[in-house]
Structure formats: structure tokens, C-alpha cells
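Participant: The following block contains a protein sequence and its predicted model.
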Amino acid sequence: MNNRTGLSVSQGAALSVGAVLGTGLISLPALAAEVAGPASLLAWLALIILSAPLAWTFAALGARHPDSGGVSTYARLAFGPRVAAAVGWCFYFAVPLGAPVAAAFTGGYVADVIGGGWTTEFVTFLAIVGTAFAMNWFGLRISGRVQLVLSASLAGLLVVTVVAALPHARWENAQPFAPHGWTGIGAAAAILVWGFAGWEALSSLSAEYRNPQRDVPRATMIAVLLVGVLYLAVAAVSVLALGPALAGSRAPLADLLAIGLGGPVRIVTAVVAVVLTLGAVNAYYAGASRLGAALAAEGALPARVFGTQRRAMTFILAGSVVAALLRLDLNTAALLVTGCFTLVYVIGTAAALRLLPAGRPRVVAGTAFVAVVALLWLNGKPALLSLAIAAGAVLYQTIRSRFAPGRRPQHEPAPPFEPVPHSEPVPPSEPAAQPLAAPTPEPAAAQRS
């Protein structure tokens, strides 16, 4: 069945940028600088270069296997349902880990305005996740168009920040260039995966183009170029304008705007950060609640705990609060989440090596595979959590199949949740668990991974 809606190159590029651009950028320059100093710019550059083969690989998979299930679909086709479920687990269990990190990014901006330190950040976190939980519980929706507006607002804020702070950039702020040694660059790259997650969303859009074979590569490269220029500009200005103060900043964009414009910019950036993060967390909860219920319907999670969207979302809320109360440092917490993202990319590119034809497609996929495996290794010990989650998914299904050997999945799982997403939230759950089929992608709402 052809669901093509005539997506143009410019539309596809815009949706792809919206899928990748996330609220983590309001704090990522400071986190990267903390572990690598000015040399973190090399980590930004490396992730931008990696984005090209990675984005192209997922776009090629989408054009060859058009299905909005994304990475889980490719994993199932290449390696079977157990590996597909492992992808679902990595996406789902990354949400309760990721929501406190995203809210902490914003909490730093609120605390920068009103003070209060960790207490203010925790109250901000509770307000954001509580509002998102209530909105999804009662079926209040933030449309895909609104999510795209939020992405455009973030892009606009970043451009204004760069222009305002650029006159204050000083080359001497780049010295010493690598105060923590060259190994810090790898540590920074592992953290920065947070800001580049989302290229897998291109796969669900590929079938929508007027001419996928011609337009998908063009839109992909335009999106990579735009995201790369924007990210590198923000990172470079942050390093050169703030200097050593960047590493300890909890509100780097507010600091840049303050030196560039003055006035009540810190209040403005705090408000913008809260709105952007609420939109993102709302989409986290909406997408993950649906994913959890779908995994339960497939037998990949216990139905008694995750069997409806409301149950799956309640587990996420509880897990988010527990993760926040652990008070992990922001770098470690971010690495736990990016480890899950990176493992999904490892599985997705490995699937591409089996599903894409020989020649250039497989060479590009192989390049992306080697790069993301290196990123997983650079993630260090936090990557062990993602491996444990994937192993848990396989082990759970193995044990379950022994007790219910005659039961087989009837439906395809819903598309995996994208960690800083801009997809349209789903309606509230039904009273009982129902298998959820993957929806047809909507060009008007880009998913973020």
C-alpha cells in the first residue's frame, strides 16, 4: 500500500531538523566543556560528521523497508523478535532516566533566576513531569504542529544567542585547549549523543517523499548540514565567549544572552526552557506509554504492570521520581541515557548491514556501525546499563516462552519511543491492554529520536 503524500525535499529536511533538535542543547555545551574543555569542539565536529552516514543509513532503510516501526522493525527483520524487543526496552526504560535529566537542564535555568539550587531544580522537575503526566492521563494533546513550533522556537533562540554573543568571543578563551587530556574528547562525544539522537526518525518519513530514491539523500544531507552548522556555532560561541566559566554553568544560553544583550534575558530564557522541556517531556510520556503497552501486548513486558498506557505511564513517572531522588551528577545521568540511544544505533546499523544491498549502501552502513560501536565504548561504564536492559529483554522473553511456548505475537509493536521527541502525543489509554499496531507516519509531525 502506497501512503506517499508528496513530501518535498525542503519539507523533509525541516521535519528531520525538528526531529533531531532537542532541548538538551540548552545545557550540552557546558556539560561537554566540563569534561573536555575547549577541545569539546572536536567532539561536536565528530558527532556532526558521524551524523551523515548514520542519517543516510536510516533513511535508506526507511526507503527500502517503509514501516513506521523504525529500528525495532529493522531489528526484527534482521535478527528476530527478541532483538526487536530489546530495542523497545532500551527506548522505554530510557524515559524514566531521561526525563529527570531533561528537567534538570531546565531546572538549572530556573535556579539561575530565583536561586534555591537543587531544591528549585527538583521542584521544577516535579512540576514538569507532573503536568505532562496529567495531560496524558486526561488525553490533553500537544499537536505535532505545536511541537514543530517549539523546535523552531529553540532554533530561533539559538540563532539569537549566537548573534548576540559573537562580538564577545575571544580566541584566548580556547586556551588551554585540552585541559583534561585528549581522552576528554571521547567522554564529551558520548555525552553529546543526547543532542544528536533522532536520525532514526528519518526512516519513518522515507516512504512519504515524492521520489524517495532521489529526495531522501538530499533532504538528509540538508538536515545534517543545518543541524551541524547550528550546533557547532552555539558550541563555538559558548567556548569563545564564556571561556572557563562555561564548564561550571547551569544556564549557558542565559549567560551568553546576558553578556550579549543584557536586561531581563535570564527570566526570558528560563521561561522558554520550561515551555520547551514541558513539550518534550509531554511527548516522552505520550510515546513511551504507548510503547510500554504495546510491548506488554506482545508479551515483551508483564501485562499486569505495563498492560495499559496509563499503567505504563505510571511506571515511567515513578521511575523518573526515583531517578531524580538518586541525585546522580548530570554527566553520569546523561551517559546512562545516551548509552541506551547508542546501543539502539548499534543494533540499527547492524541490521542495515544485513538488510541493505551490497555496494555503497552497505559501505555507508558499515561506517556508521563502526562509529556507533566506538561511541558505545566511549560511553564507558554507564553503557553497561543499556547492555543489561537489552539482555533483560532477551532473558524475559526466553523465560516466558518456556512457560507459554504456544503463544506467538499477533501484531507488530508500536514504533519505538524517540528520547527528545517532537511527535504528536497519543490519546489516553483504554481500560484494558490492546495490541497496538504501528501508525502511518504523519508528515506534519516529526518524530525525534
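Facilitator: Nice, I can see it.
Participant: wait, isn't Ala390 in contact with Leu343?
Facilitator: Yes - between Ala390 and Leu343 a contact is recorded at 6.2 Å, counting by C-beta atoms under 8 Å. No exception for glycine: its C-beta is placed from N, CA and C like everyone else's.
Participant: joint contacts of the two?
Facilitator: Cys90 (C-beta atoms under 8 Å, 6 or more residues apart in numbering).
Participant: in the one helix or strand Ser51 maps to, what's buried?
Facilitator: Ser51 belongs to helix 40-64 when assigned by DSSP states H and E. For helix 40-64, the buried set under the neighbour-count rule, 16 or more other C-beta atoms under 10 Å, comprises 40-48, 50-64.
Participant: In a helix, Thr120, correct?
Facilitator: Yes - when DSSP: H, G, I helix; E, B strand; the rest coil is applied, Thr120 is found to be in a helix.
Participant: that older thread, next secondary structure element downstream of the helix holding Ser51?
Facilitator: Per DSSP H and E, helix 40-64 leads on to helix 71-79 as the next helix or strand towards the C-terminus.
Participant: shaky segments in the protein?
Facilitator: 1-6, 68, 140-145, 147, 204, 207, 404-449 (pLDDT under 70).
Participant: how does it look with 50?
Facilitator: 1-3, 408-449 (pLDDT under 50).
Participant: Give me the buried positions along stretch 116-126.
Facilitator: In stretch 116-126, counting by 16+ other C-beta under 10 Å, buried: Thr120, Glu121, Phe122, Thr124, Phe125.
Participant: How about the contacts made by the residue nearest to the second one when sequence neighbours are not counted?
Facilitator: To tie it back to what came earlier, the one meant is Glu121. Nearest residue to Glu121 in three dimensions, chain neighbours excluded: Gly107, at 3.0 Å (C-beta to C-beta, 6 or more residues apart in numbering). Contact analysis of Gly107 by C-beta under 8 Å, 6+ apart lists Thr120, Glu121, Phe122, Thr124, Phe125.
Participant: Turn those into JSON lines, including distance to Arg354.
Facilitator: Shown next, in JSON lines, are the contacts of Gly107 (distance: C-beta to C-beta, whole Å):
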{"residue": "Thr120", "distance to Arg354": "49"}
{"residue": "Glu121", "distance to Arg354": "44"}
{"residue": "Phe122", "distance to Arg354": "45"}
{"residue": "Thr124", "distance to Arg354": "44"}
{"residue": "Phe125", "distance to Arg354": "41"}
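Participant: From Tyr345, how far off is Ala201?
Facilitator: 12 Å (C-beta to C-beta, to the nearest Å).
Participant: Could you do Pro38 as well?
Facilitator: Pro38 is 27 Å from Tyr345, by C-beta to C-beta.
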